[in-house]
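A.B. asks: Return atomic coordinates for the entry below.
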Amino acid sequence: MRNESYSLCFRCQSHLTRSQGILADLVLPISYSPRTSQHHHNLRTYKGKAPSEQARRSLLALLLLFLRDHLVCVTVRTGAFPTHVITVPSTRSRAGVHPLADLVGERLRLPWITSAVNPSYGPDDHDFHADWFTPSVPRSPAPVHALILEDTWTTGARTQSLAHALKVAGATTVAAVVLGRHVDPNYAPARQLLNAIASPVFDTNRCAAED
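C.D. replies: Numbering: from 1, shown residues only. Prediction:
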């Protein structure tokens with residue numbers, strides 16, 4: 001794993017255009033997640049019918065350690081400390097609490113925002129949709145500063161669609177922290193990146209927002 005600044009995806013410009021510029025104020029990936037890495041395996045196996053407890057423990061420790069050291073980066077970049085937290089809802093008709101929300105629980109001591117999902121868009125949809133999510137942003141005289149937690153970023157469509165919906169619903173700022181930025185070894189443009197991170201370097205003291 002290696003954490004550093006990079007271009008998040010080739011679709012970002014499309015998301016920006018279709019959202020009329022209403023997107024997350026900050027997207028903070030913790031690490032790359034090449035398909036052949038242990039981190040990618042953990043992100044796949046921590047949820048599902050038979051979730052891996054080892055994967056759950058590893059991901060929770062990574063997320064909490066990163067947030068302990070770098071939640072201040074969110075505050076510096078957005079101008080406000082998060083007041084609420086939300087996960088990107090499942091688009092696979094998964095019942096119950098999202099596995100990441102279940103994993104984090106009340107450890108962040110922030111109230112959770114829930115969101116309905118528009119069933120018109122399936123799990124294989126990789127485009128931005130302004131009406132994909134309908135989050136229940138609380139009505140309050142105090143500003144709502146939402147923190148999105150996401151396990152995997154591929155194109156960013158769902159995360160940015162949720163960020164857009166949060167802002168439209170009244171959130172003042174939206175930041176997203178992502179456990180793993182997916183990298184496909186079979187995607188030719190990604191080979192240069194994979195060569196650059198061939199020798200894994202990961203330091204939780206580093207943060208993409210600080211580069």
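A.B. asks: what about residue 195, neighbour count?
C.D. replies: 9 (other CB atoms under 10 Å). Where you see a C-beta, it was placed from the backbone N, CA and C, and this is true even at glycine.
A.B. asks: where's it, which helix or strand?
C.D. replies: Assigned by DSSP states H and E, residue 195 belongs to helix 191-196.
A.B. asks: Check residue 147 too.
C.D. replies: Here residue 147 is assigned to strand 145-153, by DSSP H and E.
A.B. asks: in this structure, which helix has the most residues?
C.D. replies: The longest helix of the chain (DSSP state H) is helix 53-78.
A.B. asks: then whatever helix or strand comes next after that one to PDB, C-alphas only?
C.D. replies: Remark: after helix 53-78, the chain's next helix or strand is strand 84-87, criterion DSSP H and E. Provided in PDB are the C-alpha atoms of strand 84-87 (Å, rounded to 0.1, in the frame of the first residue of the first chain):
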ATOM      1  CA  HIS A  84     -22.200  14.000  11.100                       C
ATOM      2  CA  VAL A  85     -21.000  10.800   9.400                       C
ATOM      3  CA  ILE A  86     -22.500   8.600   6.600                       C
ATOM      4  CA  THR A  87     -21.500   5.700   4.500                       C
END
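A.B. asks: hmm, who's touching strand 84-87?
C.D. replies: Strand 84-87 is contacted by residues 98, 100-101, 104, 108, 110-115, 135, 137-138, 144-150, 162, 166, 171 when judged by CB atoms under 8 Å, 6 or more residues apart in numbering.
A.B. asks: can you tell me which residues contact the residue most central in space within the chain?
C.D. replies: The residue lying closest to the centre of the chain (CA atoms, centre = their mean) is residue 150, at 2.8 Å. Counting by CB under 8 Å, 6+ apart, residue 150 touches 87, 88, 100, 158, 159, 176, 177, 178, 179.
A.B. asks: again, only using 7 Å
C.D. replies: 87, 88, 159, 176, 178 (CB atoms under 7 Å, 6 or more residues apart in numbering).
A.B. asks: Please check the contacts of strand 84-87 and keep the buried ones.
C.D. replies: Buried residues within these, defined by neighbour count using 16 or more other CB atoms under 10 Å: 98, 100-101, 104, 108, 110, 112-113, 115, 135, 137, 144-150, 162, 166, 171.
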